[in-house]
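Student: Sequence below, structure please.
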Amino acid sequence: MDPLIGNDAVVFGVLLLILAFIFHTSYSKNKYWKKFYTFIPALLLCYFVPGLLNTFGIISGENSKLYFVATRYFLPASLVLLTLSIDLKGLIKLGPKAIIMTLTGTLGIVLGGPISIIIVSIFSPETVGGAGADAVWRGLATIAGDWIGGGANQTAMLEVFGASEQLFSQMITVSIIVGYLWMGVLLYGAGIKTKLDSWLKADSSSIDQVQKRIENYNFSIQKYITTPALIKILAAAFGVTAAAHLGADIIAPYFEENFPVLKRFSLTSGFFWIVIIATTGGLILSFTKLRDLEGSGASKIGSAFLYILVAVIGMSMDITAILHNPGLFIVAVIWILFHVSVLLIVGKLIKSPYFFIAVGSMANIGGAASAPIVASSFHPSLAPVGVLLAVVGYAVGTYAAWLSAILMSLVAP
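Tutor: You can find the predicted model right below:
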């Protein structure tokens, strides 16, 4: 059946109106909206509202070309701008525990996927089975991408491993619900951080030092946003995106023609190379003067592109699709519990403050869209720490999610 709204220009406008309404109300000082967003994260609505419109036939992710535009243009551009702003010196100054906990969270996701498949296959092999584009591990690869860096990496894994549309729709629902339930636990933990730090035997005085450094850094690079600066930001984003497309058009066919056996490892996928080149290009630019564009809002524009991508991904979601395979929730819960267990064990061993555990976890599970929310629940000025650690997720996310997917393909029944 044709959707009520089939014109992509109208659909795009509807999605942006939805995003505008969500952001307007989530930042509102109205006590009712504040209470509402205490329980319902804004990012969750950015997925679910377009998903509801798709479920009820008002718009259609299947018939729209917006997905192609968002994944081929906005996604690599957002990766460039989010990695462009990475402050490696700042990350080093955060101390090793911040990076250790973020990478520990990444490891928990990489290994948690195949381990959850192994466990579930013991009592319900059909839940994690399937063949071709309907092979469950291909869908779980998109969860790995989402949980190591956020929606951008989720889309990358979908394109690289080619899960079917119905399977992907199920995975989006599972990923969002389980991920945001965990986010709720982390936000609750922020309210009892003193007790948790006591249990971890952690010295949280370093957090105060981090808070001061971040405030000073933000003040030192802040500039008025000018038209030339905005043009430079867009030129950097889409210039590297163009280079990524150009490189992918050369590299992918070369591997396909000369090394077809490497198709299993996604090296013949043009989209894989677009994401890799865009991420690498952003990291390279972070060592140049172009990194100062962050003072003019580079990462904010990157985040805007990312939210557009999130809304477009949500448009592909059929809320009722999960009813076809509710066992996927069991897989995801086992997966997230393994991630949490690894974080707590390592956090206890190195006496990490709960702040680094919480933000390190959400830097993986939610990426740059969610990590700042968790970080700011400790103190508003700490929100950029969430962004910095999430950028680590973006920097390693594509590689780590790809590795997790390969491991899942090896253990899948």
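Student: Just give me the neighbour total for the closest residue in space to residue 44 that isn't next to it in sequence.
Tutor: Of all residues not flanking residue 44 in the chain, residue 180 sits nearest, at 5.1 Å (C-beta to C-beta, 6 or more residues apart in numbering). Just so you know, the C-beta spots here come from the backbone N, C-alpha and C atoms, and that holds for glycine as well. Neighbours of residue 180 under the rule other C-beta atoms under 10 Å: 19.
Student: Which of the helices or strands spans residue 180?
Tutor: Assigned by DSSP states H and E, residue 180 belongs to helix 165-191.
Student: now that helix, how far from the chain's geometric center?
Tutor: Relative to its parent chain, helix 165-191 has a centroid offset of 12 Å by C-alpha atoms, centre = their mean, to the nearest Å.
Student: Sort out which residues of it are buried, please.
Tutor: For helix 165-191, the neighbour count (16 or more other C-beta atoms under 10 Å) marks 167-180, 182-183, 186-187, 189-190 as buried.
Student: Quick one: mean pLDDT over it.
Tutor: Mean pLDDT, computed over helix 165-191, is 83.
Student: now stretch 53-69
Tutor: For stretch 53-69, the per-residue pLDDT averages 88.
Student: rewinding a little: for residue 385, see how far away the residue nearest to residue 44 is.
Tutor: Using C-beta to C-beta, to the nearest Å, residue 180 is found at 20 Å from residue 385.
Student: among the helices and strands of the chain, which has the poorest mean pLDDT?
Tutor: Within the chain, no helix or strand scores below helix 88-93, which has a mean of 66 by mean pLDDT, DSSP states H and E.
Student: after it, next one along is what?
Tutor: Per DSSP H and E, the first helix or strand lying C-terminal to helix 88-93 is helix 96-123.
Student: Convert the helix or strand following that next one to CSV, retaining C-alpha atoms only.
Tutor: Once helix 96-123 ends, the next helix or strand along the chain (criterion: DSSP H and E) is helix 136-147. The C-alpha atoms that make up helix 136-147 are tabulated as CSV, following Å, rounded to 0.1, in the frame of the first residue of the first chain:
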residue,chain,number,x,y,z
VAL,A,136,20.4,-13.0,12.3
TRP,A,137,24.1,-12.3,12.7
ARG,A,138,23.8,-9.8,9.9
GLY,A,139,21.1,-7.9,11.8
LEU,A,140,23.1,-8.2,15.0
ALA,A,141,26.0,-6.6,13.2
THR,A,142,23.9,-3.4,13.0
ILE,A,143,23.4,-3.5,16.8
ALA,A,144,27.1,-3.9,17.2
GLY,A,145,27.5,-0.8,15.0
ASP,A,146,24.9,1.1,17.0
TRP,A,147,26.4,0.1,20.3
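Student: packing partners for helix 136-147?
Tutor: Secondary structure elements in contact with helix 136-147, counted by 3 or more C-beta pairs under 8 Å, 6 or more residues apart in numbering; DSSP states H and E, are helix 96-123, helix 151-161, helix 165-191, helix 327-350, helix 354-365, helix 383-411.
Student: cutoff 7 Å now
Tutor: Contacts defined by 3 or more C-beta pairs under 7 Å, 6 or more residues apart in numbering; DSSP states H and E place helix 136-147 against helix 96-123, helix 151-161, helix 165-191, helix 383-411.
Student: how about those helices, which one is nearest residue 68?
Tutor: helix 151-161 (10.1 Å; C-beta to C-beta).
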